[in-house]
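Enquirer: how would this look folded up:
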Amino acid sequence: MRLFSSLLAALAMLAAGPAFASTAKTDNVTATLEPDVTVIAPGGQFYAVLDMRIRKNWHTYWLNPGDAGEPTRIDWTLPEGLSAGEILWPVPSTIALGPLVNYGYKDEAVFLVPMQASASLPPGQELTVSAHATWLVCEEICIPEDGRFTFTLKTGPQTVFDPKWHKIATQALARMAKPDARITASAALKGDVLRYSFAGPGLETARAPYFFPADTGAVRHAEPQRISRGPNGFTLWTKPGFRARDEGLNGPIEGILKLKDRAIALSAVPGPAPQGTGAETPPQVQAGKAGAGGLLKALLFAFIGGVILNLMPCVFPVLSMKAMGFVQRAHDERSEIRRHGALFMAGVLVSFVALAGLLIALKAGGQQIGWGFQLQYPPFVAALALLFFVLGLMLLGFIHFGGGLMGLGSSLAQRGGNAGAFFTGVLAVVVASPCTAPAMGWALGYTLTQGPGPTLAVFTALGLGFGAPFFALSVFPGLLRLLPKPGAWMVRFGQLMAFPMFAAAIWLIWVLDGQAGALGVAAVLAAMALIGFAVWAARGGRVGKTSAVIALIAVLAVLWAGLNGKDASALAPQPWQPGLAQALRDQGHVVFVDFTADWCLTCQVNERVALSSKKVQRAFKTANAVYLVADWTNRNDDIARALARHGRAGVPLYLVYRPGEAKPIILPQLLTEGLVIKAVSGSGE
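Expert: The predicted model follows:
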């Protein structure tokens, strides 16, 4: 993952790209991807082993993550003659967090992926395999993480196993759930009760049974699975999930039956229960008492969490504006101060209720989303960063209301009067969402399993807690009169409050880097420069104001280009290595080599403008072309020597190797879609 090392006054950036290796270390997971063989025979099969060591008290997720979460995913870049199967998942455990139950892994998880070598694969080759794995790791908060891996193996007449990784793969395979033809399983849905019945040898005395369905909508994961037994097996009783409740049981429910001593992979087929499984005597279920208590607890925790949310770093910049507003009005009439406090609270409550309504609507449409979902969209993050930048300029006095072009785009949150108080509350909620105060986690988790009514109630309690401190100050304005009387210090205080705004903008740009990459970040920084130019130009009469309008239009164009560019990774790049291009050319491939770096703006533009379209992808496929990427983001002497051989001291450099031609074709530094297609296809020469 890219990380900024600094963003100084000159807005200088240093973007560092990920290095390819067999091990990736994050703050919470150490992941290693290795094959269980060193040599693979033509037509042979082996396992790619993803071994994840997870930080204590943290967890990752199974294929079905349960009430919340995301499963681990692997995207492969494979050489010709090698194919990858689906992930073989370890047996999960239940992980309870407040009212939620998730399915996943703590401490360690070993995933196996079967890999198949083509029977026509000639011996004596070195195969390079690359992969990009993504996972979600959680404790009370959740962090999306990823790793990029590469490993090599050779082809030979016989398969040779790697002693260490073959042992790990064998042990992991032995612990995985396996089918058992002796076990019969059925499922039935009646009203709000879902039952699973299992019959087979030894099941009548099975200990600690639990059924993990692979379908996320099959059951309510937080509901207990109550058991009734019979002479031939047992039945588990629970409640259906959203898909089973809405669509019924339209087919078998795949999953894992986990027992104390083993795990069985099976399908529960809709139909009557097998004889002797206790399905005739469902256990007594006590219900009704926990619901009200759970809601009251969630409301209390939501209110406390809302109060604590005022102390979170991402909220401080906006609340600093509100604090400045109280300072300015400390000696106003009490009625005026109380009205502003009430309007601020109204803005907070309206925003929280609107967020709750949007969450309810999206959940009803089947979306898996959570608190802070709006900051998952790069255009929103970019707009918020620019808003904080503009607010900082306002507080420093570079932008004023009442005149000039920039007044047209001024934020309502900076206005005086009633509208300013209301919209400061709105803006505070918008930026508060990525923060999760300790008490909020349980309350927000509660809403994921509830209907619209409890969800709205919890979000309202959260808003009341969030707005309570400032509302209390407005109700008891005597506390504000302890502040010094208005004077020059207020101007300095207002200017000081600009710097939390700039800090928030820097943080949002850092968030954007992980979403839209270097080009997205460059677009926002360029937009900031254009906004600064527009502020300066607007003071220069009619010509200056016209220039300011043009600059603001350019802001939109730059943002659109930077945030909507496509990722050239659709070409399935392989990492460049010395001699690899020539070897692939000798095998009959057209080879396109892209010498690039994350900090090279021309490279990023070329990737999105000339290397990401479907036409280019079709041309590569038609020409049987291989796309190699020589990433020079970090120092690499092999790449430096290759650049020097072609008379270059830096990137970009684009080479096209064709079968039968000794020397590569060197393309211009600025690419077009048509130029790339002609070079790869050999047409138009």
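Enquirer: wouldn't residue 276 be in contact with residue 233 here?
Expert: Yes. Counting by CB atoms under 8 Å, residue 276 does reach residue 233; the two are 6.6 Å apart. Any C-beta I mention is one placed from the backbone N, CA and C, and that applies to glycine too.
Enquirer: and residue 25, what is it in contact with?
Expert: Contact partners of residue 25, counting by CB atoms under 8 Å, 6 or more residues apart in numbering, are residue 31.
Enquirer: coming back round to it: so if I had to pick from residue 276 and residue 233, which one is more boxed in?
Expert: Shown here are residue 276 and residue 233; by other CB atoms under 10 Å, residue 233 has more neighbours (27 against 17).
Enquirer: Bridged to that one, which residues?
Expert: residue 199, residue 230 (DSSP bridges).
Enquirer: quick one: common contacting residues for residue 276 and residue 233?
Expert: Common contacts of residue 276 and residue 233, defined by CB under 8 Å, 6+ apart, comprise 199, 204.
Enquirer: ok but residue 168 is inside a helix, no?
Expert: Yes. Membership of residue 168 in a helix is supported by DSSP: H, G, I helix; E, B strand; the rest coil.
Enquirer: The residue nearest to residue 111 when sequence neighbours are not counted sits in which helix or strand?
Expert: Setting aside the residues directly before and after it, residue 111 is nearest to residue 50 in space (CB to CB, 6 or more residues apart in numbering), at 4.3 Å. Element membership for residue 50 (DSSP states H and E) is strand 45-54.
Enquirer: Please identify the buried residues of the next helix or strand after that strand?
Expert: Where DSSP H and E defines the elements, the next helix or strand beyond strand 45-54 is strand 59-66. Buried positions in strand 59-66, judged by neighbour count with 16 or more other CB atoms under 10 Å: 59-66.
Enquirer: As JSON lines, those with distance to residue 158 and pLDDT would be great.
Expert: Output for the buried residues of strand 59-66, formatted as JSON lines (distance: CB to CB, whole Å; pLDDT from 0 to 100):
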{"residue": "59", "distance to residue 158": "40", "pLDDT": "93"}
{"residue": "60", "distance to residue 158": "36", "pLDDT": "94"}
{"residue": "61", "distance to residue 158": "38", "pLDDT": "94"}
{"residue": "62", "distance to residue 158": "36", "pLDDT": "95"}
{"residue": "63", "distance to residue 158": "34", "pLDDT": "94"}
{"residue": "64", "distance to residue 158": "39", "pLDDT": "93"}
{"residue": "65", "distance to residue 158": "41", "pLDDT": "90"}
{"residue": "66", "distance to residue 158": "44", "pLDDT": "88"}
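Enquirer: pLDDT below threshold where in the stretch 251-400 of the chain?
Expert: 284-294, 309-335, 337, 359, 362-377, 395, 399-400 (pLDDT under 70).
Enquirer: all helices of it, in order?
Expert: Counting by DSSP state H, counting those that start in this stretch, one finds helices in the stretch 251-400 of the chain at the ranges 289-309, 316-328, 334-364, 378-396.
Enquirer: now the strand holding residue 50 against strand 59-66, angle please.
Expert: Computed by axes from the mean of the first three to the mean of the last three CA atoms, to 10 degrees, the angle separating strand 45-54 from strand 59-66 equals 110 degrees.
Enquirer: Strand 45-54: partners in the sheet, and parallel or antiparallel?
Expert: strand 29-35 (antiparallel), strand 108-117 (antiparallel).
Enquirer: Can you tell me how far the residue most central in space within the chain is from residue 130?
Expert: The residue lying closest to the centre of the chain (CA atoms, centre = their mean) is residue 144, at 5.1 Å. Computed as CB to CB, to the nearest Å, the residue 144 to residue 130 distance reads 20 Å.
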